[in-house]
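**Student:** Generate coordinates for the sequence data below:
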Amino acid sequence: MTSEGAPAERAERGLGIEDSGRLLGAYAWAEGRLFAVLGAWAADEGVPEAAVLFDALSRQHAWHASLFTDCLPLLPGLEPSAATAPPTAGAAEALDRLASFDDSAGRMAALARVVLPRLVTGYRRHLAEARPMSDAPVVRALRLVVRDEVEALLDAEGVLEALVAGQRPLAEVLVPAAHLEELLAGSGPGLVPWPEGSRGPAGGMGDLTLR
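**Tutor:** The predicted model follows:
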């Protein structure tokens, strides 16, 4: 149901082209970094179920990075390679720390409890702020990526539960993930910080229903 004020509200919503470009570049960087990290994990993972999931998700992150790179706005003097950079030192340190994880359950916990929930939250916030007409390519990319990330989160959680069932306390397994979360805690709910001063809802996990 549409109220009389809805068109004006829609007109006010949305990110500026520069903020959108910075976000998309940061998304492409994060997804590309995850492609490299999970690919390396898959190559040395001793648990077959975990190795298969890491390999599949690595390829998926590579595709996501490509989608976001293709959505980058054409700004004067801005090359896509320069735009796809770490958004903050904390984000870069967090994914460098993630790359150093060498325990199957610890890796899966970091994905299921920190990385993937943050990706979903950040992308959903962007979806809530996007303008359906002018941001149509970005909206399509975000919807595809969110579906993938939600499925990946559920798969990672399932493998995590299987890895720790009757073998290790979950609280113990979650310690490295908690340290990872500490590196990201000051950047807001997503993996990529939201542009300062931009309006809009937080776009949390909610019921994971796409809009």
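**Student:** C-alpha only now, for contacts and for neighbours.
**Tutor:** Noted.
**Student:** Tyr27 touches Trp194, doesn't it?
**Tutor:** No. Counting by Cα atoms under 8 Å, Trp194 is not a contact partner of Tyr27; they are 11.3 Å apart.
**Student:** other SSEs contacting the strand or helix carrying Ala110?
**Tutor:** Secondary structure from DSSP states H and E places Ala110 in helix 104-110. Applying 3 or more Cα pairs under 8 Å, 6 or more residues apart in numbering; DSSP states H and E, one finds that helix 104-110 contacts helix 136-164, helix 170-173, helix 175-184.
**Student:** which residues sit against the shortest one?
**Tutor:** When you say that, I think you mean helix 170-173. Helix 170-173 is contacted by residues Ala105, Gly106, Ala109, Val164 when judged by Cα atoms under 8 Å, 6 or more residues apart in numbering.
**Student:** again, 7 Å this time
**Tutor:** Ala105, Gly106, Val164 (Cα atoms under 7 Å, 6 or more residues apart in numbering).
**Student:** out of these, who's nearest His126?
**Tutor:** Proximity of the contacts of helix 170-173 to His126 (Cα to Cα) peaks at Gly106, which lies at 29.0 Å.
**Student:** and the gap between that closest one and Ala51?
**Tutor:** Using Cα to Cα, to the nearest Å, Gly106 is found at 13 Å from Ala51.
**Student:** likewise Ala42?
**Tutor:** Noted for Ala42: a distance of 5 Å to Ala51, by Cα to Cα.
**Student:** With Pro137 instead?
**Tutor:** 33 Å.
**Student:** same question, Ala99
**Tutor:** 15 Å.
**Student:** Compare these two and say which is more crowded by neighbours.
**Tutor:** More crowded of Ala99 and Ala51, by other Cα atoms under 10 Å: Ala51, with 20 against 17.
**Student:** neighbouring contacts of whichever helix or strand the more buried one is part of?
**Tutor:** Following DSSP H and E, the helix or strand that holds Ala51 is helix 48-71. Contacts with helix 48-71, where a contact means Cα under 7 Å, 6+ apart, come from 24-25, 27-29, 31-32, 34-36, 38-39, 41-42, 45, 80, 137-138, 141, 145, 159.
**Student:** In it, which residues are buried?
**Tutor:** Judged by neighbour count (16 or more other Cα atoms under 10 Å), helix 48-71 contains these buried residues: 50-51, 53-71.
**Student:** I'd like to check which residues are in contact with the residue nearest the centre of the chain.
**Tutor:** In the chain, the residue lying closest to the centroid (Cα atoms, centre = their mean) is Leu119, at 2.3 Å. Each residue near Leu119 by Cα under 7 Å, 6+ apart is listed here: Gly190, Leu191.
**Student:** Which pLDDT value goes with it?
**Tutor:** On the pLDDT scale, Leu119 is placed at 97.
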